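S.K.: Sequence first, then the predicted structure:
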Amino acid sequence: MPVLRSAFIALSHNRSLRKFAEQSSIGGKLSSRFVAGLEIEDALRVCAQVNKQGMHVTLDSLGESVSTAVEAHRAADIYYQLLDQIAARKLDSNISVKLTQMGLTQDPALAEAIATNLAEHAHATGNFLRIDMEDSPLTQVTLDIVRRINARPDLRGSIGIVIQSYLFRSQADIEQLIAEGIRVRLCKGAYKEPGEVAFPKKSDVDANYVKLANMLLQSPIYHGLATHDETMIAAAKSFAAQRNIDRSQFEFQMLFGVRRDLQRKLVAEGYNVRVYIPFGREWYPYFMRRLAERPANVFFIAKQLFRQ
Ligand SMILES: Cc1cc2nc3c(=O)[nH]c(=O)nc-3n(C[C@H](O)[C@H](O)[C@H](O)COP(=O)(O)OP(=O)(O)OC[C@H]3O[C@@H](n4cnc5c(N)ncnc54)[C@H](O)[C@@H]3O)c2cc1C
């Protein structure tokens, strides 16, 4: 349903709806399907619950495109607290960060400095920092920053990136990232991209996903395959089995609240599963992208609302 997908993506940028939704109590109830809660404590509690089910976690403090350096530092501060609490409570979680939240759009040098400091803190606490990938005007700058940080010998392996199979450029990016020993999370891509840079047809995005996943699986680095698509998952499982790639050599990643049945099934089969758990007050754009991926979610969420 490409029309509905575009409509939800357009709504994800709507400022007045965002303000209303994030401040209303109905909005809080709606978002709880995909978001762990508003506070750090909520995220840590849900993380512990998910860990108990045998799954790894990555925590995402929601927020995108800050406009001042003060806001960027405030956003980073939440991640420092998360890294400290993950270590103190012995949770099994790393962190996922968007560079626009660290000021990338206004000041790439600031975003790079903040990401470098976060990678240092992740390293010091025995943890790992994943940089999420945003829309295509930011792909190159995001790659450059991650590669420069990973090139520092003391931070090698403490930072990873995300590659989207809908982009034409992704195969070349993956070749380079593997050569540099950088951990990749492969996803299909959640933004609306023009035909000049991305495959317009879902079948091409899917075919590229399988091809890129096979490249990652064959590499000696621990990567993450982020998808809820059973066809992608089946293809990865069978490729790994054919090549004798052990289940401990890679992980599947899924979003909190999406296909919980499939998450549990993969754990029972002995695969590593990591759940991406977002939290925070600025949940609206993330939530709308989840509706764009599957407009039928609107009905599930409406049902949940009327039940409460
Ligand atoms: C851990 C993780 C991290 C991600 N990080 C990024 C990132 O950094 N940058 C980025 O652009 N994108 C990111 N994404 C989003 C990703 O790009 C896709 O938009 C999203 O995962 C949907 O694609 P899919 O692979 O699940 O396949 P699709 O073909 O979209 O869906 C396959 C099936 O999965 C189920 N499904 C998919 N989405 C939903 C949903 N929202 N609700 C319910 N069921 C659903 C449905 O059964 C659907 O038929 C991430 C996704 C995950 C899982």
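M.R.: Sure, I can see it.
S.K.: ok, which stretches of the protein are strands?
M.R.: 56-61, 93-97, 129-131, 159-164, 183-187, 223-226, 250-255, 272-279 (DSSP state E).
S.K.: As JSON lines, these with mean pLDDT, mean neighbour count and distance to Leu262 would be great.
M.R.: Yep, even glycine has a C-beta here, placed from its N, CA and C like the rest. Putting the strands of the chain into JSON lines (pLDDT from 0 to 100; neighbours: other Cβ atoms under 10 Å; distance: least, Cβ to Cβ, whole Å) gives the following:
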{"stretch": "strand 56-61", "mean pLDDT": "97", "mean neighbour count": "25", "distance to Leu262": "16"}
{"stretch": "strand 93-97", "mean pLDDT": "98", "mean neighbour count": "24", "distance to Leu262": "20"}
{"stretch": "strand 129-131", "mean pLDDT": "98", "mean neighbour count": "25", "distance to Leu262": "21"}
{"stretch": "strand 159-164", "mean pLDDT": "98", "mean neighbour count": "24", "distance to Leu262": "20"}
{"stretch": "strand 183-187", "mean pLDDT": "98", "mean neighbour count": "24", "distance to Leu262": "16"}
{"stretch": "strand 223-226", "mean pLDDT": "98", "mean neighbour count": "25", "distance to Leu262": "13"}
{"stretch": "strand 250-255", "mean pLDDT": "98", "mean neighbour count": "22", "distance to Leu262": "7"}
{"stretch": "strand 272-279", "mean pLDDT": "97", "mean neighbour count": "24", "distance to Leu262": "9"}
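S.K.: Any chance of CSV for those, columns distance to Ala292?
M.R.: Formatted as CSV, those follow (distance: least, Cβ to Cβ, whole Å):
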stretch, distance to Ala292
strand 56-61, 17
strand 93-97, 19
strand 129-131, 22
strand 159-164, 15
strand 183-187, 14
strand 223-226, 16
strand 250-255, 13
strand 272-279, 15
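S.K.: closest one to Glu22 among these?
M.R.: strand 272-279 (13.1 Å; Cβ to Cβ).
S.K.: can you put the strands of the chain in TSV and add distance to the ligand?
M.R.: Putting the strands of the chain into TSV (distance: least, Cβ to the nearest ligand atom, whole Å) gives the following:
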stretch	distance to the ligand
strand 56-61	7
strand 93-97	7
strand 129-131	8
strand 159-164	4
strand 183-187	3
strand 223-226	4
strand 250-255	4
strand 272-279	4
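S.K.: what angle separates the longest helix along the chain from strand 56-61?
M.R.: In the chain, assigned by DSSP state H, the helix with the most residues is helix 69-88. Counting by axes from the mean of the first three to the mean of the last three Cα atoms, to 10 degrees, helix 69-88 lies at 150 degrees to strand 56-61.
S.K.: ok, how many other residues are close to the residue nearest to Asn297 when sequence neighbours are not counted?
M.R.: The spatial neighbour of Asn297 that comes closest, neighbours along the chain excluded (Cβ to Cβ, 6 or more residues apart in numbering), is Leu291 at 5.4 Å. Per other Cβ atoms under 10 Å, the neighbour tally for Leu291 reads 22.
S.K.: from memory Leu291 sits against Val298, does it?
M.R.: Yes: the pair Leu291 / Val298 is scored as a contact, 6.0 Å apart, by Cβ atoms under 8 Å.
S.K.: how many neighbours does the residue of the stretch 1-150 of the chain found nearest the ligand have?
M.R.: Closest residue of the stretch 1-150 of the chain to the ligand, Cβ to the nearest ligand atom: Asp132 (3.4 Å). Asp132 has 20 neighbours, counted by other Cβ under 10 Å.
S.K.: now Gly27
M.R.: 18.
S.K.: Over to Met215?
M.R.: If we define neighbours as other Cβ under 10 Å, then Met215 has 17 of them.
S.K.: State the distance from the residue lying closest to it once chain neighbours are set aside to Met102.
M.R.: Take Met215 and drop its neighbours on the chain: the residue closest to it by Cβ to Cβ, 6+ apart is Ile174, 5.5 Å away. Going from Ile174 to Met102 by Cβ to Cβ, to the nearest Å gives 24 Å.
S.K.: So for these two, which sits in the more crowded spot?
M.R.: Between Ile174 and Met102, counted using other Cβ under 10 Å, the more crowded position is Met102 (28 against 23).
S.K.: Pull up the residues of the stretch 1-150 of the chain that are close to the ligand.
M.R.: Asp132, Met133 (Cβ under 6 Å from any ligand atom).
S.K.: where does the stretch 1-150 of the chain have low pLDDT?
M.R.: 1 (pLDDT under 70).
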